[in-house]
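Visitor: here's my sequence, what's the structure:
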Amino acid sequence: MVDLVYVEQSLTEEEFRDFENRFNAKIPDSFRDHYMHNNGGLTDEVEMETGKWGLPVNGFLPIKYGTLTIEEIVEYYGNISPNNKKFGSWRKFEFIPFANDPGGNVIFVSLREIDYGSIYIYAEDGDSIAIISSSFELFRSRLYTGTGEYPVSFRCT
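Guide: This is a model prediction of the structure:
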C-alpha cells in the first residue's frame, strides 16, 4: 500500500459508514481500504520529482478532517457535465472526487451503475474528461512504481 505524507486524522469505521451513506451506491472496497490507511495526504515531493509515482497524482483529499475535504468538493461540483459527451454526466453523489493532479484537475471515482468504480480525471478549465482506470484497484496499483518510469499519462479528450 502507498504511504502518503501529511495525511489527516484516521477515520473510524463509523465515520466511513457516515461518509458512504451520503452517496447513491456502496463505495468500492479498495477505495475504503485506501482511506482507512491514508485519509487524504500528499505524494512525497522528492519521489514525485524523480518519477517514482506511476501516475501524476499530486494529492488525495481527506474525508471529514482537514481544510478541504471530499464532502466540500462534492458540494462545490454538484454535477459534472463535460462538453465531450463520450462518458455522459454525473449527478451529485454519483461520483467521489478524491484526488487531483499537479495541474489541479480533479480525479474521481464513478458510482454510476454503467461504469461503477471507474476512475476519471476532469479538467474543469477545458470542461473535458478522460478515463484513467477501470477500477480503483488498478488505479492504486499504478500509483507508485518506484522506478522513475511513467506507464501512462493523463490526457483529457
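Visitor: and residue 140, how far from residue 38?
Guide: Counting by Cβ to Cβ, to the nearest Å, the separation of residue 140 from residue 38 is 10 Å. Any C-beta I mention is one placed from the backbone N, CA and C, and that applies to glycine too.
Visitor: quick check: mean pLDDT across stretch 114-121?
Guide: With pLDDT averaged residue by residue, stretch 114-121 scores 96.
Visitor: number the chain from 16, please
Guide: Sounds good: first residue 16 from here, last item stretch 129-136.
Visitor: first-to-last residue distance for that stretch?
Guide: Taking Cα to Cα, to the nearest Å, the first and last residues of stretch 129-136 lie 17 Å apart.
Visitor: buried residues, it. List them.
Guide: Buried residues in stretch 129-136, counted by 16 or more other Cβ atoms under 10 Å: 130, 132, 133, 134, 135, 136.
Visitor: could you list which residues are in contact with the first one?
Guide: Spelled out, it's residue 130. residue 102 (Cβ atoms under 8 Å, 6 or more residues apart in numbering).
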